[in-house]
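Novice: Task: produce atomic coordinates for the following.
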Amino acid sequence: MSLRIAVAGASGRMGRELLSAVHQDANATLGAALDRAGNDFIGQDAGMLIGAPNGIKVSADVEAALKGCDVLIDFTRPEATLQHLEICRKLGVKLVIGTTGFSAEQKQLIQDASKDISIMMAPNMSVGVNVLLKLLQQASKALSEGYDIEIVEMHHRHKVDAPSGTALRLGEVIAETLGRDLATDAVYGREGVTGERDPKTIGFATMRGGDVVGDHTVVFAGIGERIEISHKASSRATFAQGALRASHFLAGKSAGLYDMQDVLGMA
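Specialist: Below is the predicted model:
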């Protein structure tokens with residue numbers, strides 16, 4: 001049976017990648033294409049966004065559009081995702097969340113909703129980044145003493161949250177492995193006379209510019225050597241394929257909150 005997938009933010013950069021991925025998946029069909037009210041593409045054939053008309057109209061009526069869908073893939077903004085979350089919960093539609101920038105309170109709302117529907121939430125759905133998370137656990141254990149840890153990320157000029165959700169997740173994994181608390185040990189900017197570096201801190205540096213899809217590097221800087229572990233995404237297609245893989249994973253789940261480590265069998 002073909003999985004009926006809905007795509008939020010259909011006319012955006014990530015939305016179009018998702019539409020294309022669903023179109024190419026022999027085991028999935030597009031059930032709905034959503035966008036905000038007032039968007040120029042509302043009422044138009046969603047397939048035209050990728051040059052493959054499919055008869056599904058882009059809609060701002062989320063509840064009406066989601067009826068009959070199995071999964072919604074959402075890479076939008078926190079406020080929009082939370083609105084979609086409540087409707088998915090009401091209709092029993094599963095949810096794949098690639099949105100970043102949630103507050104702790106907003107994450108709790110997602111956790112609460114996962115008691116009723118299955119949700120997969122990850123700041124980065126590429127296979128490579130999730131392998132990177134595993135490598136960081138091993139590196140952090142081996143380099144726990146005598147190495148300063150810095151995380152550097154760069155994204156395109158249109159990204160609105162910083163540091164990226166992926167960078168924060170990298171920091172969380174390192175902190176968890178080392179028994180530290182990222183909430184107290186993270187340093188998000190340095191300016192002026194900062195004094196010597198506290199060895200317990202995990203630093204973040206953010207760059208924005210051009211059309212960079214997503215670059216992340218973790219630096220372990222010791223005396224006489226430096227280890228750098230990097231991931232560079234050159235296309236959003238990798239995130240779309242990960243989201244599609246997650247959608248099929250959720251098809252067999254009735255409720256619960258999962259991440260890409262679960263999807264890839266790496267948890």
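Novice: Low-confidence regions, the stretch 51-200 of the chain specifically.
Specialist: The model of the stretch 51-200 of the chain has no residue with pLDDT under 70.
Novice: Show me the helices in it, by range?
Specialist: Here the stretch 51-200 of the chain has its helices, by DSSP state H, counting those that start in this stretch, at 62-66, 78-91, 104-113, 127-142, 165-178, 182-185.
Novice: Could you identify which of the ones you listed is most buried?
Specialist: helix 165-178 (a mean of 21; mean count of other CB atoms under 10 Å). Bear in mind the C-beta positions are built from the backbone N, C-alpha and C, glycine included.
Novice: Ok, which of the helices of the stretch 51-200 of the chain comes nearest residue 21?
Specialist: Across the helices of the stretch 51-200 of the chain, residue 21 has its closest neighbour in helix 127-142 (14.0 Å, CB to CB).
Novice: hmm, who's touching that closest one?
Specialist: 122, 124, 149, 166, 169-170, 173-174, 177-178, 216, 218, 220, 227, 229, 231, 233, 238, 242, 260-261, 264, 266 (CB atoms under 8 Å, 6 or more residues apart in numbering).
Novice: Stretch 182-201 too?
Specialist: Residues outside stretch 182-201 that contact it (CB under 8 Å, 6+ apart) are 148, 149, 163, 168, 171, 172, 175, 180, 202, 203, 204, 206.
Novice: could you list every residue that touches residue 102?
Specialist: Neighbours of residue 102 in contact, by CB under 8 Å, 6+ apart: 78, 81, 110.
Novice: again, 7 Å this time
Specialist: residue 78 (CB atoms under 7 Å, 6 or more residues apart in numbering).
Novice: Test my guess that residue 119 contacts residue 99.
Specialist: No - Residue 119 sits out of contact with residue 99 when judged by CB atoms under 7 Å, with a separation of 11.6 Å.
Novice: what's the burial count for the nearest residue to residue 7 once chain neighbours are set aside?
Specialist: Leaving aside its chain neighbours, residue 7 sits nearest to residue 18 (4.6 Å; criterion: CB to CB, 6 or more residues apart in numbering). If you count neighbours by other CB atoms under 10 Å, residue 18 ends up with 32.
Novice: show me what contacts residue 18?
Specialist: 7, 73, 240, 243.
Novice: Verify the assumption that it is located in a helix.
Specialist: Yes - using DSSP: H, G, I helix; E, B strand; the rest coil, the secondary structure at residue 18 is a helix.
Novice: still on that earlier bit, show me which of the contacts of residue 18 is closest to residue 56.
Specialist: For the contacts of residue 18, the nearest to residue 56 is residue 7 (9.4 Å; CB to CB).
Novice: All the strands of the stretch 151-267 of the chain, in order from the start?
Specialist: Using DSSP state E, counting those that start in this stretch, the strands of the stretch 151-267 of the chain run over residues 186-187, 202-208, 214-221, 226-233, 256-258.
Novice: Show me what counts as buried in the fourth one.
Specialist: Read it as strand 226-233. Neighbour-count burial for strand 226-233 flags 231, 233 (criterion: 16 or more other CB atoms under 10 Å).
Novice: got the contact list for it?
Specialist: Counting by CB under 7 Å, 6+ apart, residues outside strand 226-233 touching it are 126, 128-129, 132, 135-136, 139, 143, 213-220.
Novice: Let's see that with 8 Å instead.
Specialist: Contacts with strand 226-233, where a contact means CB under 8 Å, 6+ apart, come from 126, 128-129, 132, 135-136, 139, 143, 147, 213-220, 239.
Novice: got the CA coordinates for stretch 133-151 in PDB?
Specialist: What follows is stretch 133-151, C-alpha atoms only, in PDB (Å, rounded to 0.1, in the frame of the first residue of the first chain):
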ATOM      1  CA  LEU A 133      27.000  11.900  15.900                       C
ATOM      2  CA  LYS A 134      28.200   8.300  16.600                       C
ATOM      3  CA  LEU A 135      31.800   9.200  15.700                       C
ATOM      4  CA  LEU A 136      31.700  12.100  18.100                       C
ATOM      5  CA  GLN A 137      30.700   9.800  21.000                       C
ATOM      6  CA  GLN A 138      33.800   7.800  20.400                       C
ATOM      7  CA  ALA A 139      36.100  10.800  19.900                       C
ATOM      8  CA  SER A 140      34.800  12.600  23.000                       C
ATOM      9  CA  LYS A 141      35.500   9.600  25.200                       C
ATOM     10  CA  ALA A 142      39.100   9.300  23.800                       C
ATOM     11  CA  LEU A 143      39.800  13.100  23.900                       C
ATOM     12  CA  SER A 144      38.000  13.900  27.200                       C
ATOM     13  CA  GLU A 145      41.100  15.300  28.900                       C
ATOM     14  CA  GLY A 146      43.500  18.000  27.400                       C
ATOM     15  CA  TYR A 147      41.400  18.900  24.400                       C
ATOM     16  CA  ASP A 148      39.400  22.000  23.900                       C
ATOM     17  CA  ILE A 149      36.100  21.500  21.900                       C
ATOM     18  CA  GLU A 150      34.800  24.000  19.400                       C
ATOM     19  CA  ILE A 151      31.900  23.600  16.900                       C
END
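Novice: Alright, calling it a day.
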